[in-house]
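Q: Pasting the sequence and the predicted model now:
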Amino acid sequence: MKRVALIGATGSIGRQALEIVAAHPGLQLVAAASGSTPIDGLAPLTQTGGDPTELLERAEPDVVLNAVVGFAGLPVTLWALERGVDLALANKESLVAAGELALAAQERGGGRLLPVDSEHSAAFQCMESRTDDQVDSLVLTASGGPFRGRSRDDLEDVTPEEALAHPTWSMGPKITIDSATLANKGLELIEAHFLFGLPYERIEVVVHPTSIVHALVRFRDGATLAHLGYPDMRVPISYALTYPERAATPVPPLDLASGVTLEFHAPDLATFPMLPLARTAGERGGTYPCTYNAANEVAVAAFLEGRLPFLGIAPAVEETLAAVDGAPARDLDDLTAADEEARRLTEKGAAVA
Ligand SMILES: NC(=O)c1ccc[n+]([C@@H]2O[C@H](COP(=O)([O-])OP(=O)(O)OC[C@H]3O[C@@H](n4cnc5c(N)ncnc54)[C@H](OP(=O)(O)O)[C@@H]3O)[C@@H](O)[C@H]2O)c1
């Protein structure tokens, strides 16, 4: 029996994780946490708001699913990695913002980091049991979001409602807006760099509108392995929670004869500058990825609240990145300071935009 702690239990990932846990006799939900939605009775131990690591201390889980949205998920990521508890990671923002600190915590604690992001779960599976020198490069796929194929002019007046209508995935509001700007793929690029130890020039992003191929790994002998399946987060959630068992899920096997199309295009970097901004922030390193993430969180919230136009998101993030020194964080205090500075700068910019 695997003891599961689910942090972020009321969100899109959290609800799907509850379904997976309920259906699997080998998984036992011992603790659940949310940010503000009451969840009394959902698990033997529950918490709403406050520091979820206090709950984790009491719960003694075998695996923690971090399904919190945003930088707020960082304490959960560090707690699991530091203690050698398996971490099923949906909360990409924590690894983007604190990549080096998280990997150092994992080095000390020895816990497994099992990606839940579908592209990273796919890449993890393609790379499993291969050595680093066999891998040539990684390809992450992007659906392109609701505005794929549009020009900058077409995006002038888009509303939050239009941006929230994702063509292939049903997700929480923040990641859905990130998918519309391609910031989500930018965050995933940085996440992949830390998860797989690949330099940025060996990680490519391609647009694949039907979201059937989740990632591809090219090997030095000319072979490329791809991971295919219907876009359904229950698959990577189940894979991470039941690893290495690969338990059954209700998701049907892929029916290729029913007209599955596999198209790939280069992303439109001029219309969607959040993707190249992430690449540059990642390559510059230090606290630039943390700044990118924090500025994006503030800009997305401002867009959803009607305080910033859709096309204002990337300039707000770019201006904040230009205003910071990006010095590496020696510890969590440094990182928190970088995160707070980026939020302050972006908030100020969004207020005048
Ligand atoms: N949704 C997807 O399909 C998908 C796919 C890949 C990766 N991800 C990643 O998974 C994460 C969650 O995404 P989501 O779409 O599930 O978001 P979501 O639907 O907005 O849910 C966020 C969850 O986080 C909780 N939360 C927020 N602040 C918290 C805090 N301080 N302490 C504890 N819980 C807190 C929320 O609780 P309340 O309900 O109380 O606010 C909610 O349960 C994100 O990092 C996202 O990028 C999501």
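A: It's in. As the structure is a prediction and not an experimental result, all values here were calculated from the model. Numbering: from 1, shown residues only.

Q: since we're on the closest residue to the ligand within the stretch 101-250 of the chain, how many residues are nearby?
A: Distances between the stretch 101-250 of the chain and the ligand by Cβ to the nearest ligand atom are smallest at G172, namely 2.6 Å. All C-beta atoms are positioned from the backbone trio N, CA, C, and that covers glycine. A count of nearby residues for G172, using other Cβ atoms under 10 Å, gives 17.

Q: can I assume it is in contact with G11?
A: Yes. With contact defined as Cβ atoms under 8 Å, G172 counts as touching G11 (5.2 Å).

Q: Tell me the residues that contact both of the two, please.
A: V69 (Cβ atoms under 8 Å, 6 or more residues apart in numbering).

Q: contacting residues for the residue in the chain that the ligand sits nearest to?
A: Ranked by Cβ to the nearest ligand atom, the top residue of the chain for proximity to the ligand is G11, at 1.9 Å. When contacts are counted by Cβ under 8 Å, 6+ apart, G11 touches 67-69, 172.

Q: Can you flag the buried ones in the residues you listed?
A: Among those, those buried by neighbour count (16 or more other Cβ atoms under 10 Å) are 67-69, 172.

Q: Restricted to strands, list those residues.
A: Using DSSP state E, no member of the buried ones among the contacts of G11 sits in strands.

Q: out of those, what pair is the most spread apart?
A: V68 and G172 (10.4 Å; Cβ to Cβ).

Q: one step back: using TSV, lay out the buried ones among the contacts of G11 together with pLDDT.
A: Output for those, formatted as TSV (pLDDT from 0 to 100):
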residue	pLDDT
A67	98
V68	98
V69	98
G172	96
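
Q: Now do E100: how many residues are near it, please.
A: Residue neighbour count, defined by other Cβ under 10 Å, stands at 16 for E100.

Q: That one in helix, strand or coil?
A: Secondary structure, DSSP: H, G, I helix; E, B strand; the rest coil: E100 is helix.

Q: same question, L138
A: strand.

Q: For it, give its distance to G110.
A: Going from L138 to G110 by Cβ to Cβ, to the nearest Å gives 25 Å.

Q: higher neighbour count, those two?
A: Taking L138 and G110 together and counting by other Cβ under 10 Å, L138 has the greater number of neighbours (25 against 11).

Q: Residue numbers of the stretch 1-150 of the chain in contact with the ligand?
A: Counting by Cβ under 6 Å from any ligand atom, the residues of the stretch 1-150 of the chain close to the ligand are 7-14, 33-37, 52, 67-69, 72, 90-93, 117.

Q: how about a cut-off of 5 Å?
A: 8, 10-14, 33-37, 67-69, 72, 90-91, 117 (Cβ under 5 Å from any ligand atom).

Q: Among these, which ones are in helices?
A: Those of those mapping onto helices are 12-14, per DSSP state H.

Q: between those, which is closest to T210?
A: For those, the nearest to T210 is S12 (20.2 Å; Cβ to Cβ).

Q: contacting residues for the residue nearest to the closest one when sequence neighbours are not counted?
A: Using Cβ to Cβ, 6 or more residues apart in numbering and skipping residues adjacent in sequence, the residue nearest S12 is G172, 4.6 Å away. Contact partners of G172, counting by Cβ under 8 Å, 6+ apart, are 11-13, 69.

Q: got it, and V4?
A: 21, 27-30, 61-65, 241.

Q: Of those, which is the most crowded?
A: The residue in the contacts of V4 with the most neighbours, by other Cβ under 10 Å, is L65 (32 neighbours).

Q: just checking, that residue is part of a helix?
A: No. Counting by three-state DSSP, one finds L65 to be strand, located in no helix.

Q: where do the helices sit along the chain?
A: According to DSSP H, the helices that the chain contains are 12-23, 52-59, 74-83, 92-97, 99-109, 118-127, 160-163, 173-181, 183-196, 234-242, 274-284, 288-304, 313-323, 332-352.

Q: Would you mind listing the buried residues in the last one?
A: Neighbour-count burial for helix 332-352, with 16+ other Cβ under 10 Å as criterion, is recorded at 335-336, 338-339, 341-343, 345-347, 349-350.

Q: among the residues of the stretch 1-150 of the chain next to the ligand, which ones are buried?
A: 8, 10-14, 33-35, 67-69, 72, 90-91, 117.
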